[in-house]
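[1] Mind looking at a prediction? Sequence and model below.
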Amino acid sequence: MFDLIVVLIPGLPLLAALANGVNALLGERYSRTVITRLAWGAALGSFLGTLYVLVRLLIDPTPREVTVYRWLFSGELNVNIAFLIDSLSVVMMLLTTSITFVMTFFSVNYMHNERGFSRFFTVMSLFLFAMLLLVMANNYVVVFLGWELVGMCSYLLIAFYCERPNAAQAGTRAFVMNRIGDAGFLMAIFLLFANFGTANFTEVFSRAGEIGPGTVAAITLCLLLAAVAKSGQLPLGTWLPRAMEGPTPSSALFYGSVMVTAGVYLIVRSHVFYDRAPNVLLLVAIVGAATALFAGMVSLVQTDIKNMLVATTNAQLGLMFLACGLGAYPVAVFHLTAHAYLKCYQFVTAPSILHLLHGGPDVTKTSSREKVSVISWLLLAGALALVISPFLAGLLPASKFAGGVIQGFLVLIALGVIAAFSAAFNSARLVGVAFAEVGHNGHASDPHQRSGLRFGKPMLIMAVIAVLALIGIAFGMLPGGINGTWFQQLLSPVVSANIGVPAGSPLLAIVLLILMILLVATGWLTPLYFDRFRLEEPAGSVSPLMRRVYNLTLNRFWLDELYDVAIVSPMSKLALLLDRFDREVLDRTTGVPVPAPRIRVAGQTWQEQFMAMQSAQAAASAGTKRDAAIRWEESDERAALDEVPSTLLGRLAARGSVTSNWIETTVLRRAAGGLAGGTVGMISGVSDRFEKQVIGSTESLFGKLMDLAAGVSGWFEKQVIGRVENLFGSLTELAAAVSAGVENLVFQKGVQGGIPIAGQLLGRVLTRTEELLGHPLVIGLIFLFSIIALLVGAL
Amino acid sequence: MILNEIFASQQIGFPILSVLLFLPLIFVVVLNFIRDDHLAYQVGLAGALIELLLAGVMAFVFIPEIPDMQFMERGFRIPYLGVGYHLGVDGVSVLFVPVTALLTVMVILYAEYAAKSDARHYAMATLGLEATMIGAFVSLDMVLFWLFFVLELVPSYFLITRWGTGAQRQRAAREYVVFMITGSALMLVGIALLGVNYHNVLLASGQGSGYSFDFLHLLAVPVPEKLQTLIFFLIFFGLAVKAPIFPFHTWMPKVLEEGPIVGMSVFLVGIKLGTYGFIRLVIPLLPEAAKKWFWLMALLGGIGVVYGALIALIQTNLRRMVAFSSLSHMGVVMLGIFSLNFYGFQGGLLQMINLGITGAGLFFFAGFLHTRVGPPDTSSLGGLVHNVPLLTATFLILALAGVGLPGTNGFNGEHLIMLGTYEQHWYMAIAASVGTFLTAAYFLWYFQRAFMGSINPLIHKMADLRPREMFIVAVLGGMIFWIGLDTGPILRRMNGSLKALTIRVEQGSYVEPQTAAAVK
């Protein structure tokens, strides 16, 4: 029963995703009600299942494993799809299923006018499945499976409005950025396999002491890379603001609350390793602090609600990383939970307000405070909860002075202060900006505005959200994940807090300390001073330094642009370079010589002449099929003629062929008529061309010889006409047939049929032969000899 | 290393490998006498289906987890040359036969779109190509292997020149043939040297004389180390050109861009005869040389991974992109094979099978696009998502399998390769990691440009998957997820032989000096 339910928890969303996916692909066969019911029904089922699991776990807190399927196995390598049900995974499961359920339900209304309705719900269900796989897995490989699927869903939803180029690009960027982290994840998995022969949580964690500190550091670093990419931390976080291109419910689910926490989860889950690598733990803290600092500042100056929200999310995630880095894992999980609900709530209310106000997403442009006080209060409540939760979490250990905890205490105070100020300022600003400051320039006569909160369903959803907010507040008010509190007790079988600056390299510790001091400083100062330095304010009223800082933060420290300049553009340049290298250098050195270039005047090269003659001959004798083949060959040759010689050999050949070109163009025109034309002439009468040549060159030796030959043969024919005619005729016919056959074989089959080099050689040989044959003397001698031979044979 | 032999008569009762080899040829002859194009297509399809069925039966009856040569047949033998008709399959080769048969079925199924004018000859050439490829996979005599390796050029050449789509197809075909002929000539010298060495060993040990090119005979004699290096590189050239491996790949983009829209190209991308040669021929016969030069092979593979992926990144034509993507994937396979350990072999071999599905699938996909819009260039595409959801989903599945998303076949292969690579040389694993990230980049960037964005006016009336295409996609998709989720049956068929190969590499070729007598 327990096992079955555990399997059904991710199984239901998967089934829903399959059903909706098929529907989406085959053109929306069933109604939207069915689609949405499938989606939220599956999420609800998972949620209820998780509740059951939670109850079972509260009764008996021992972790249990459920093996579902033997997936990949070979030799000693064994990867099963297995779930580990302990308090950490159940907390994450509850978070995932409940928020996804609410968001799916909310989307029914939100998405009702959008294209790709069933596509959206397919991805939502698939996401739930993948996220559950991620948090339930008992194996790094299965976590990776979920990790990648989540990334894919995120890709599909960021690029949901894919007709917008920005959305499409943002999707690609997000996926590729995440892929960097994934490479780290994979390396971590291989390190685990190489050292333990398995990637199973239970085994790996229990044998963590077996490996050296260097290996542990490598594993944790790789995992950190993955977590950094997934949770949008510096320096890989630039995809996160761009990810706001997707529909708002998915933004809330993926980037506001659930998906981005996967990185924190991964670190908390791997805390056994991190505890053994103090330097990496320090690095985690530094990354977190830096991100919190960065995103906190960025969030202060954003003017777009969604951007502002995602920046605060980013900052809060940084704080979670910081908490992890300081060993306060349960605090991080607690912060994660509380923050997820609150951010989800904020995300959902923000666009509702915008919808209501009928403005764009720019908070400085939205207007009117009429009749929105309910929402205003909801938003304020959310903001308050957000302010309070980490603050409280931070204050509590103050009462628990123990050896070495003093540092942790300070740290958490700092955390609280920062979170409080930056978040409070932000939320207050959101509320204030949206409803108060610019309210006077609104369009009060807009009927939509006056209708205010009339429509029912959004209000219902808002009520749900308000309840969620209350849960969040409750969580926030309740003691956090510090030792001794109930949350910590729940998590204690998995992870416990051991707060303090990790005993790593002093240099890193100093960096961390500086960052935290900066964090505290900005936490205090920026809300007071920062917002004033807006760009619109007249020059001189603001110190240029602050204006610069403002600019810097407004543009997210130019990180994205930096990547563009420093990585993306050099990489595409490199790719272009390599492409040229491939085409030009490699091709020239290893490529095959192209036929030597000829002067491209129709009918001037021997090949063309030959083709033309052959096609005439073929048309006369063989029929159309061969003709077509020749013309086809010819067109190819022409295409080849257009080519500049691109290989070394080709160039050499080009040099050499300048002379042969001359010979060919001047001499061979006649020569082509010479032998082949002669043959044709003997078979089917004398060709025009041949005649012309004969007549034209009567003054030459050739002509004379020809005359002589003609005379002799004429005489001969006259004399022995009766006797030899038959023999002669059949001989020439035979010769013609043979030569035709040879031609057919060599040129048709040879050139087309598989031995192009041989064909080319043959072509060259023939060229030379023809050159020779071009000499009238040679032709004449040949005629003479053949006639003598005939005479001898006959007599 | 001595491999046991199980004869076909013991296993299945009739010489199934000969049937597999000659059946397509018989159909080629039969097709020659059918004048009606459509009927010829049907008969060709039937032939390919029978072949596939037989290949499936063969793979099914094949006994997994043992290193023995199975379905053995020994026919005539030319005594003085040492060349004989000797067929057999083991874990290394058994899976290539059904993959080849499967691709042939699909290529012929698509014949009436791909070769509108002359489906009959197209089917004949395809079946001929199938016969030569299957011949290369099942022959155990090295000269026979070489013969099929070279004979493959004939139908390939016709496919490229007659049904090629580019204006430069003649040139591409010429280049292809010249490359292959040069490579295989060097390879023949290498194979001949192996035979000569066999002769010398027999003479030296006083067991008479005589040449042999039988794989099993050659396995039994040691090869001097210097000679090994020479032979290794001779054969390497032939295989590197075929695979292709950087920097011998320049023919491939041309052939794939100018060649027929499916036909030849699918086999080029899908059937990895080149890398198969490494794992069949080079590593077992020349283990010392392989151990000596593995780093060079892996380095070329690693360069190929990054190089191919980077160039693929900026391609606008899907066919050219797939060519470089194939180069990149070939690099991954080389990394796997030349980690010279069990996981590496397994991953390499599995990845070769996978490429037969995803790589070939991508080319089928390029063919689908080509029949609709001409060359699948991003300039003639855009915003396909809304018009043709099935085509879009097809590309996405193929691309994600190529990227190696867990759950698809690509993941399992790459995973094993990386594992093997990591154990042998971890820095190469980093190259492969960079490759995985670049792979995602070029696939998704192409997806972004071709499928997203605003709808290109050229494609307003584009048809979604047609029934035959749907069938092809369903089969390919099924294979992708089947191998991705249930790799066991496939790995078990490989394991026996690969374990033997691992031991062979560890022990080297000198351990059994006395066995030449046993072979005689």
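    Looks like it came in fine.
[2] Can you pull the phi/psi pair for B:A243?
    phi -60, psi -50 (degrees, to the nearest 10).
[3] can you pull the contacts of the closest residue to it other than its chain neighbours?
    Among residues not flanking B:A243 along the chain, B:G274 sits closest, at 2.9 Å (CB to CB, 6 or more residues apart in numbering or on different chains). Where you see a C-beta, it was placed from the backbone N, CA and C, and this is true even at glycine. Neighbour list for B:G274: B:239-245, B:330 [criterion: CB atoms under 8 Å, 6 or more residues apart in numbering or on different chains].
[4] For B:G274, identify the helix or strand it belongs to.
    B:G274 belongs to helix B:273-277 when elements are defined using DSSP states H and E.
[5] Now do that helix: distance to the chain's middle.
    6 Å (CA atoms, centre = their mean, to the nearest Å).
[6] Rounded mean pLDDT for that helix, please.
    Per-residue pLDDT values over helix B:273-277 give a mean of 88.
[7] Restricting to C-alpha, output it in CSV.
    Provided in CSV are the C-alpha atoms of helix B:273-277 (Å, rounded to 0.1, in the frame of the first residue of the first chain):
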residue,chain,number,x,y,z
LEU,B,273,31.1,0.8,-39.9
GLY,B,274,34.2,2.8,-39.3
THR,B,275,34.1,2.7,-35.5
TYR,B,276,32.8,-0.8,-35.7
GLY,B,277,36.0,-1.7,-37.4
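[8] Show me what the next helix or strand after that helix is packed against.
    Next along the chain after helix B:273-277, taking DSSP H and E as the criterion, comes helix B:283-285. Counting by 3 or more CB pairs under 8 Å, 6 or more residues apart in numbering or on different chains; DSSP states H and E, the packing neighbours recorded for helix B:283-285 are helix B:215-219, helix B:488-507.
[9] now the next helix-or-strand element following helix B:283-285: how far from the chain's centre is it?
    Once the chain leaves helix B:283-285, the next helix or strand it forms, by DSSP H and E, is helix B:287-313. Centroid separation for helix B:287-313 versus its chain: 17 Å, with CA atoms, centre = their mean.
[10] do helix B:287-313 and chain A meet at all?
    Yes - Helix B:287-313 reaches chain A (CB under 8 Å from any CB of the partner chain) through B:307, B:310-311, B:313.
[11] so where do the helices sit in the stretch 101-250 of chain B?
    Assigned by DSSP state H, counting those that start in this stretch, the stretch 101-250 of chain B shows helices spanning B:111-114, B:119-138, B:142-151, B:153-163, B:169-204, B:215-219, B:225-242.
[12] closest to chain A out of the ones you listed?
    Distance to chain A, taken as CB to the nearest CB, is lowest for helix B:169-204 among the helices of the stretch 101-250 of chain B, at 3.8 Å.
[13] quick one: average pLDDT of that closest one?
    Per-region confidence: helix B:169-204 scores 85 on mean pLDDT.
[14] ok, back up a step: top of the residues of helix B:287-313 next to chain A by number of neighbours, please.
    Neighbour counts for those, by other CB atoms under 10 Å in any protein chain shown, peak at B:I311, which reaches 28 neighbours.
[15] List the residues that contact that one.
    Contacts here follow CB under 8 Å, 6+ apart; on that basis B:I311 touches A:575, A:578-579, A:582, B:324, B:327.
[16] Point me to the helix or strand that includes the closest residue to it other than its chain neighbours.
    Among residues not flanking B:I311 along the chain, B:F324 sits closest, at 4.5 Å (CB to CB, 6+ apart). Here B:F324 sits within helix B:318-337, counting by DSSP H and E.
[17] Tell me the helices and strands packed up against that helix.
    For helix B:318-337, the packing partners by 3+ CB pairs under 8 Å, 6+ apart come out as helix B:251-258, helix B:263-270, helix B:273-277, helix B:287-313, helix B:342-373, helix B:409-424, helix B:426-451.
[18] next one: that helix to chain centre, how far?
    12 Å.
[19] Show me what counts as buried in that helix.
    B:318-337 (16 or more other CB atoms under 10 Å in any protein chain shown).
[20] before we move on, back to that, closest one to B:T502 out of the residues of helix B:287-313 next to chain A, please.
    When these are ranked by distance to B:T502 (CB to CB), B:Y307 comes first, at 29.3 Å.
[21] Which residue is the nearest non-sequential neighbour of B:Q346?
    That would be B:L416: by CB to CB, 6+ apart, it lies 5.1 Å from B:Q346.
[22] need the contact list for the one you found.
    Here B:L416 is in contact with A:74, A:77, B:336, B:343-344, B:346-347, B:350-351 (criterion: CB under 8 Å, 6+ apart).
[23] and the angle from the helix holding B:F324 to helix B:409-424?
    Counting by axes from the mean of the first three to the mean of the last three CA atoms, to 10 degrees, helix B:318-337 lies at 40 degrees to helix B:409-424.
[24] what's the angle between helix B:318-337 and helix B:342-373?
    If you take the same axes, to 10 degrees, helix B:318-337 sits at 170 degrees to helix B:342-373.
[25] and helix B:318-337, average pLDDT?
    88.
[26] Could you do stretch B:349-363 as well?
    In this model, stretch B:349-363 carries a mean pLDDT of 88.
[27] when you scan that stretch, is anything in it near chain A?
    No - counting by CB under 8 Å from any CB, no contacts exist between stretch B:349-363 and chain A, the nearest distance being 9.0 Å.
[28] Could the C-alpha coordinates of that stretch be exported in CSV?
    In CSV, the C-alpha atoms belonging to stretch B:349-363 read as follows (Å, rounded to 0.1, in the frame of the first residue of the first chain):
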residue,chain,number,x,y,z
LEU,B,349,29.0,0.2,-28.8
LEU,B,350,25.7,1.2,-27.4
GLN,B,351,26.2,4.7,-28.7
MET,B,352,26.9,3.4,-32.2
ILE,B,353,23.5,1.6,-32.0
ASN,B,354,22.0,4.8,-30.7
LEU,B,355,23.3,6.8,-33.5
GLY,B,356,21.7,4.4,-35.8
ILE,B,357,18.4,5.6,-34.3
THR,B,358,18.9,9.2,-33.4
GLY,B,359,21.5,10.2,-36.0
ALA,B,360,19.6,8.4,-38.7
GLY,B,361,16.4,9.8,-37.2
LEU,B,362,17.6,13.3,-37.5
PHE,B,363,18.4,12.7,-41.1
